[in-house]
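# Structure for this input, please:
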Amino acid sequence: MARVEGLRGRHEPAPGARAAGASAVGARFAVRRGFYERPVVEVARDLVGCVVSHDGCSGVIVETEAYHDSEPACHAFVGLTARTQTLFGPPGHAYVYRSYGIHALLNAVSEPEGVGAAVLIRALEPVAGVDLMRSRRGLERAESLCSGPGKLTQALGISLAHNGCDLARGPVVISSRPRAWREVPVAVDRRIGITRAVELPWRFCAAGSRFLSRPVRR
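Below is the predicted model of the structure:
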């Protein structure tokens, strides 16, 4: 059964790092590296309500999942490899990989360097560049544009070329929560779409959001 928590966390601006598309949801700034250099479960919860921006498009994060090298659902569980090198690198960078040979998935590397951990960005609520998102996705319904990790990267034009990108400097940027999202409650659930470590309650969703990849379990 899901539980609901209040939002919390640090969202300090990185100097000079104004995010693209800020006019759509109010002025905001890229979060500092220190935000990510914490336990990945805390980062995953606190990213709900933050904003992902790229190439004129942006959306508020409404769903995340945490992954850590101590559990078998995480790519880093097997240790340091060519594929997982970014996962063990400095926090606050993008880990982008291809799922099922089709979709690029965006993750935010977390915890101190040397720990393999990241937050999967699972869903966004579109806020800027929506017409471009519709063109890229080939559909009109706003709730379906970014309602999944592969959908949101397609909508924002994020690809494997962005693996290792500094999320405070871009071109993909994660920025602080808009004022309207600072107190939105977060529902906690088990992760989805995996077959290992399924019992961990490491999925975090904006409670009541219509833009999730799947409803929160009741």
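
# what's the next secondary structure element after the worst-scoring helix or strand of the chain on mean pLDDT?
When the helices and strands of the chain are scored by mean pLDDT, DSSP states H and E, strand 13-18 comes last with a mean of 41. Where DSSP states H and E defines the elements, the next helix or strand beyond strand 13-18 is strand 29-31.

# In terms of secondary structure, what does that next one contact?
Contacts defined by 3 or more CB pairs under 8 Å, 6 or more residues apart in numbering; DSSP states H and E place strand 29-31 against strand 13-18, strand 173-175. C-beta: built from backbone N, CA, C; applies to glycine.

# chain center to that strand: distance?
14 Å (CA atoms, centre = their mean, to the nearest Å).

# After that strand, which helix or strand is next?
Under the assignment DSSP H and E, the closest C-terminal helix or strand after strand 29-31 is helix 33-36.

# Using CSV, write out the CA atom coordinates for that following helix.
C-alpha atoms of helix 33-36 as CSV (Å, rounded to 0.1, in the frame of the first residue of the first chain):
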residue,chain,number,x,y,z
ARG,A,33,25.8,18.9,-7.0
GLY,A,34,25.4,18.7,-3.2
PHE,A,35,21.7,18.0,-3.7
TYR,A,36,22.6,14.7,-5.4
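
# Can you name every helix or strand that that helix contacts?
So helix 33-36, by 3+ CB pairs under 8 Å, 6+ apart, packs with helix 40-47.

# pLDDT (mean, whole number) over the helix it packs on?
In this model, helix 40-47 carries a mean pLDDT of 98.

# ok, Phe211 touching Gly148?
No - here Phe211 lies out of contact with Gly148, judged by CB atoms under 8 Å, at a distance of 10.0 Å.

# Report the set of residues contacting both of the two.
Common neighbours of Phe211 and Gly148, using CB atoms under 8 Å, 6 or more residues apart in numbering, are Ala123.

# can you give me the helices for the protein?
With DSSP state H as the criterion, the chain has helices at 33-36, 40-47, 130-137, 142-145, 149-156.

# So which of these is nearest Asp69?
Nearest to Asp69, of all the helices of the chain, is helix 40-47, at 9.5 Å by CB to CB.
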